[in-house]
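# How does the following fold in three dimensions:
(3 chains)
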Amino acid sequence: MLRFVLRRVLLMIPALLVVSALVFTIIQLQPGGFLTQYLEDPRFSPQTVETITRQFGLDEPPHIQYLRWIQGVVTRGDFGYSFLNGRPVGSLIWERVGWTIFLAGLTIACTWVIAIPLGIYTAVRPRGAAATAVNFVSYVGQATPDFLLALLLVAMVLSRGGTNVGGLFSPQYIDAPWGWAKARDMLAHLWIPIAAISLEGVAGLMRQMRAKMLDVLGADYVRTARAKGVPGQAVLWRHAVRNAINPLVSLAGLSLPGLISSTILVSIVLNLPTIGPFLYDSLLNKDQYVVTTLLLISSLLLMVGNLLADLALVWIDPRIRYQ
Amino acid sequence: MIRPLRLWMLAAGAASLLAPAVGLGPTTGLAVSAATSDKLIRGYESLGVVPGKPGGRLTMVLGDSPQSFFYYGAIDSNLHALAGHLYDGLVEYNYATYELEPALAERWTVSRDGRVYTFSLRRNVKWHDGKDFTADDVVFTFEQIVTNPEARGGDAGAFMIGGQRARFEKVDAYTVRVTLARAAPATLQYMRLYIMPKHKLLSHSVEGGARPADINSAWPTTVEPRDVIGTGPFRLQSYVAGQKITLARNPAYWKTDAKGTRLPYLDQIELLIVRDPEQQVAQFLAGNIGQLNISGAQFPDLKAREQAGAPFKVVSSRALFGSPPHLAFNFDARNPELARLFSDLRWRQAVQTAINRQRIIDDVYNGLAELPGHGVAPVSSWYFDTRRSLGRFDLQAAGRALDEMGLRPGPDGVRQFPSGRPLEFTLTYGTDSAVWPPIATILQNDLKQIGVRVNLQGILSRTLLSTGLSGNFDAMLLAFGDQPDPELRKPIWQPGGALYYWHRATQPATPGGEPNMAAMQPWERQIYEIWETAGTTVSRPQRKALYDRWQVLFAQNLPVILIAKPMAVGVIHNRYANYVYSLGVIPGYNPVPLIYQK
Amino acid sequence: MTDRAAIPTGASSRGWQRFRRSIPGVVSAAILLVLYAVALLAPFLAPYGAATQHPDLRYQPPQRVRVIRQGRLVWPYVYPMVRARDPVTFVVRFTEDASRPHPIRLFVRGEPYSLLGIPMTRHLFGSEDGTVFLLGSDAFGRCLLSRTLIGSRVSMTVGVVGVTISFAIGIVVGGLSGYYTGALDTLIQRVIEILLSIPRLPILLALATVIPASWPSTYVYVGIIAVLSLIGWAGLARVIRGQVMAMRDLEYVTAARAAGLRDLRVILRHIMPNLSSYLIVTATLALPGYILGESALSFLGLGVKEPMASWGLLLRDAQNLNVLHLYPWLLSPGALILVSVMAFNFLGDALRDAADLESL
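Here you go, the predicted model:
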């Protein structure tokens, strides 16, 4: 087991190296450079351009820039310098990655808490009016672009005279110490992004749960259990749900990067302090080390998510063993 | 062509006779209270400013996190917007006239030859930490920071005059002398640059033993807020990364209102970091933001809400700053037929006649724009009325003009070059804006009606200028911001300048070299000479005459075709009064200290 | 695409029977057929050109089609709208001018266009007396219905073309990987793993910013498709590999190999046809991702550009509180995104159930 984990972790290293090189190459392919956007500024003389180019090491060939950066990452844990923010990338990302993981985690939790019961319900009562309605809504949910949903929710709150139209807190709570009032304020803001981000996930997971449940409910061992006289509820929970949920666990790991993707769009619309808007800006400004680091971190999250999902599967399903 | 030239010479001559002396002291009518050394802010009744009452809090927005708290450490509009609250310069703009007037310098004199500026500093000005502001700070700021070529937000170029660096000397604790190699009247404009505290930043400077580039690492956004020190109306209180900046009133600020009440009125300013303009409007409507600058496109909705009784006001005003869009044709377009056409004044005049400015003002700006000036904002005192040269929108006349050029319509209605190739070109514009796409489509539509095929090419606004400077375009929609002194826009409008992107053949072969005079058209040579002369002319009336002449040449020869000058539009909650519109990023123009909570 | 999917290739006719019993599936297939027909005939169905501006009719609300006049049933007509601008707020308001009914005519002569290479001037419907904007107009007085119809060409093809490219790459790469195993397989698997470990949207954005700004909008459209499919193929290749691995030792495959056929030929001619129902279902379920991907890129200003229209680009105009408040009809292209994505999902699910492919 330990060897399995170790092997997977070791395999991540070359993968991450390739990802970083790939992303760095893509950024180099972008037309223009970081400095071009400032040219209109009356204070920005050609000398300044030259000075800053030299200060940032942008006068060197790209492969040297990359090798220097990766050397810094490996030997010093230094993720480079953000041109746009004038600060080391590491601390910048740190400020935002916390909220990103928090939001993604909360979204996953909400997704599961809502989707699994709905999936079970629609599988157990497949022909009911409620199940049909839930099913239909799930299709609508999957087809609605999340940014549009976020915008519609903001418009709705606004038209009802609400004030929680974006951000994570009301202005007065942003720098206030934590307390009940602040937590309540955050929850009042949080439901819009969570709803917008998780709707698609809820719809997908619910339908998968329903499909697995239908399979399992039709399987021999469930019928056998029923025939043996095990009470209906016990069959449902002990046999059916448990077996249906197993394959979904691996999906949880896979859904993490998808969530990070969704937080990008929704965070831009709702002004959330996550890595999404940060990534978008860095991309447009060719802030190369920030983009590479952010993609590297997202890739790492994905790999770790997959690994955790595999491990969770072992824990849930005693039949699975990794050599 | 000839008549205006004579007029101009007459005007310039008369002006030089009338104003031979050069004393550019503080504008009259501006009272400086000698006893307290505070600056009395009054005379803005025309802007609706009344005496206010102290207290209260105002929340505004910032478009993104600042890159630093050190003004000279980064070129960043968010930092600039913040810096206005924290720091002061030696001089600042009058809110109504945009003329320079005393700020940290109580008065100044300029030598007769325009080379020596002597600034007398305001006494009893304190840094936020209680230390005295003195001449040492001023000399340190200019010597160690502004003219340090490694400072990213510095401006070494502005003080390289006549091939020599300006000299900054401390005469006594409250007097600073600036000596230039030759007269350069725009220098005073640069004295708006914010003064930094020597006692806090010495260790980052060369004088303090650091390397030149180390100055950029002063006051990163992770710094302890107490360490960020200015003389401005507010001081930094706290920063929550990516979310909010809180500023607290500077109780010892050096401005008072007409009644002697110390400014600023507000106890606290919060700058909420909201990136998306829609989200900003939402936050404003939700009451989380007290004031917001908006675009003309957002005007109807907000104005309609105001009319329906919402607790805020939409305020629009003719503004000096702000960027009037222009249409530029590439004189050096890759396609030689197009290059020849675009260099032809008759073509540019015909296109100007086909531009429906009124429709653009109505439809794109919702009426919140005016006819443009030529390189100078119509509200500016440097403005010369060139509106008559703009002509009237007349598609038939435009079509006739093209007929006369020998560009006849082909069977499909598209005009053809004599070679038989269709007259079509690509118009590059920015997609991520409320203004560019509609203007581009309106132009495309109107030009289509006179048989000119325009292919639209949308790119991100921030890459427009670099595309222009690379020369890889046929025609482009772009805008340069107006400044209170034309000299500040010299690299744009002087042929051969670094930003003269529509005729790159005029630019010097090597950066900083002599421009290619041979490539210039006669009128471009005239404009070039005007800029050369104006840059060293000390007398204001003479400069005005020169710039008037330039504006006339501009309007007649259309290096670019100006489209409209947008007005400044903002919304403010009814809780607040004394709102004077401000873009907020121009050093020396910050009316927020006047705002008070009712 | 859809009509091919409706033919039970490789699946038994029982599958076809099952599919026909799925009401959502059949309805979705019909909707998609209509949408593709619309995309094909868009210039004919649209009363105006996608870029034609009516300067005096900016932000005109949709005109109501009426069939009753003075209590009697008549040929459908609309009332022209009169524009008035609020002098203070500049809000444009339209009122119906009930004195001048404009009948809607069929096959009216209008702007010239070319359909399948044939130059034409007749449009399905229109009004000879004035303009008719059934979905209202946008900021330039362009007919939103026309733009939506013509925009369907981009939106409905982006998925199909993208999926086709993804599949072409996925089938070849996945097929080779599963067929050969060994070192090549390992290498391909590593590459796929790395591609899959890069989150989708960030890399999509990164690639979209690489598309040169100087490209005309048709190139950008191709570029967007290329970017979308470049990201889409990896997951597909992995699944195909598994399927191929399972099949390569089947008797008829080994027989084909023994007969001396070239490997690629074996993969494409003998293995893939047996996976066809599987591939069709996967393709149908993958399509919505491309449609939504295109709209996300357009939302961020990195997608197709004016003067081209796509539903995502049209929706960008509506992503604005101002618009939501004053001109809500601009949201209508969003409904088409919703409908088409839902239809693809319903169809995919119905096909999957019919083909009995639980594993998807």
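# Okay, and the beta partners of the closest residue to residue B:412 other than its chain neighbours?
Counting by Cβ to Cβ, 6 or more residues apart in numbering or on different chains, residue B:422 is the residue found nearest to residue B:412 once chain neighbours are left out, at 7.9 Å. Where C-beta positions appear, they are placed from N, C-alpha and C, glycine not excepted. Beta-bridge partners for residue B:422, by DSSP bridges, are residue B:416.
# For chain C, name the helix or strand with the lowest mean pLDDT.
One helix or strand of chain C scores below all others by mean pLDDT, DSSP states H and E: helix C:2-6, with a mean of 39.
# immediately after it, which helix or strand?
helix C:13-21 (DSSP states H and E).
# Indicate the residue of the stretch 151-300 of chain B located nearest to chain C.
residue B:300 (4.4 Å; Cβ to the nearest Cβ).
# Tell me how many other residues surround that residue.
The number of residues packed near residue B:300 is 24, by other Cβ atoms under 10 Å in any protein chain shown.
# thought it was touching residue C:89?
Yes - at 5.4 Å, residue B:300 and residue C:89 qualify as touching, with contact defined as Cβ atoms under 8 Å.
# Test my guess that residue A:140 contacts residue C:341.
No - checked against Cβ under 8 Å, the pair residue A:140 and residue C:341 is beyond contact range at 9.4 Å.
# Where does pLDDT dip in the chain?
Since no chain was named, I'll use chain A. The model of chain A has pLDDT under 70 over residues A:31-33, A:36-46, A:86, A:247, A:250-258, A:316-323.
# Sorry, I should have been clearer: chain C.
Answering for chain C: the residues below the bar, that is pLDDT under 70, span C:1-13, C:213-214, C:306, C:320-322, C:356-360.
# As a check, name the ranges of all strands in it.
Listed in chain order, the strands found in chain C under DSSP state E are C:66-69, C:72-78, C:81-85, C:92-96, C:102-103, C:105-115, C:118-126.
# Among those strands, which comes closest to chain A?
Comparing the strands of chain C by Cβ to the nearest Cβ, strand C:92-96 comes nearest, at 19.7 Å.
# Quick one: list the elements packing against the closest one.
Applying 3 or more Cβ pairs under 8 Å, 6 or more residues apart in numbering or on different chains; DSSP states H and E, we find strand C:92-96 packed against strand C:81-85.
# which helices and strands does the strand it packs on pack with?
strand C:92-96.
# what comes into contact with the strand it packs on?
Under the contact criterion Cβ atoms under 8 Å, 6 or more residues apart in numbering or on different chains, strand C:92-96 has outside partners B:300, C:58-61, C:63-64, C:79-86.
# partners of it in the sheet?
strand C:81-85 (antiparallel).
# quick one: contacts for residue C:44?
So residue C:44 contacts C:113, C:115, C:120, C:122, C:123, C:124 (Cβ under 8 Å, 6+ apart).
# For the fifth one, list each beta-bridge partner.
Which is residue C:123. Assigned bridge partners for residue C:123, using DSSP bridges, are residue C:108.
# Would you mind naming what in the stretch 251-400 of chain B lies close to chain A?
By the rule Cβ under 8 Å from any Cβ of the partner chain, the part of the stretch 251-400 of chain B lying against chain A is B:270, B:272-276, B:278-279, B:282-283, B:285-289.
# separation between the closest residue to residue C:86 other than its chain neighbours and residue C:80?
Distances taken as Cβ to Cβ, 6+ apart put residue C:93 closest to residue C:86, at 6.6 Å, once the chain neighbours are dropped. Distance, residue C:93 to residue C:80, by Cβ to Cβ, to the nearest Å: 15 Å.
# Who has more neighbours out of these two?
residue C:80 (20 against 15).
# contacting residues for the residue of the stretch 101-250 of chain A found nearest chain C?
Of all residues in the stretch 101-250 of chain A, the one sitting closest to chain C is residue A:143 (3.6 Å; Cβ to the nearest Cβ). Listed by Cβ under 8 Å, 6+ apart, the contact partners of residue A:143 are C:288, C:292, C:337, C:338, C:339, C:341, C:342, C:345.
# which one of those residues sits closest to residue A:244?
residue C:345 (21.0 Å; Cβ to Cβ).
# roughly how far out does the longest helix along chain A sit from the chain middle?
Longest helix in chain A by number of residues (criterion: DSSP state H): helix A:180-217. In terms of Cα atoms, centre = their mean, to the nearest Å, the gap separating the centre of helix A:180-217 from the centre of its chain is 13 Å.
# Outside of the helix or strand just after it itself, list whatever touches it.
The helix or strand immediately downstream of helix A:180-217 is helix A:220-227, counting by DSSP H and E. Contacts with helix A:220-227, where a contact means Cβ under 8 Å, 6+ apart, come from A:216, A:232, A:235, A:239, A:240.
# Narrow these to just the buried residues.
Buried subset of those (neighbour count, 16 or more other Cβ atoms under 10 Å in any protein chain shown): A:216, A:235, A:239, A:240.
# Distance to chain B and secondary structure for these - can I get that in TSV?
Shown next, in TSV, are these (distance: Cβ to the nearest Cβ, whole Å; DSSP: H, G, I helix; E, B strand; the rest coil):
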residue	distance to chain B	secondary structure
A:216	45	helix
A:235	50	helix
A:239	48	helix
A:240	45	helix
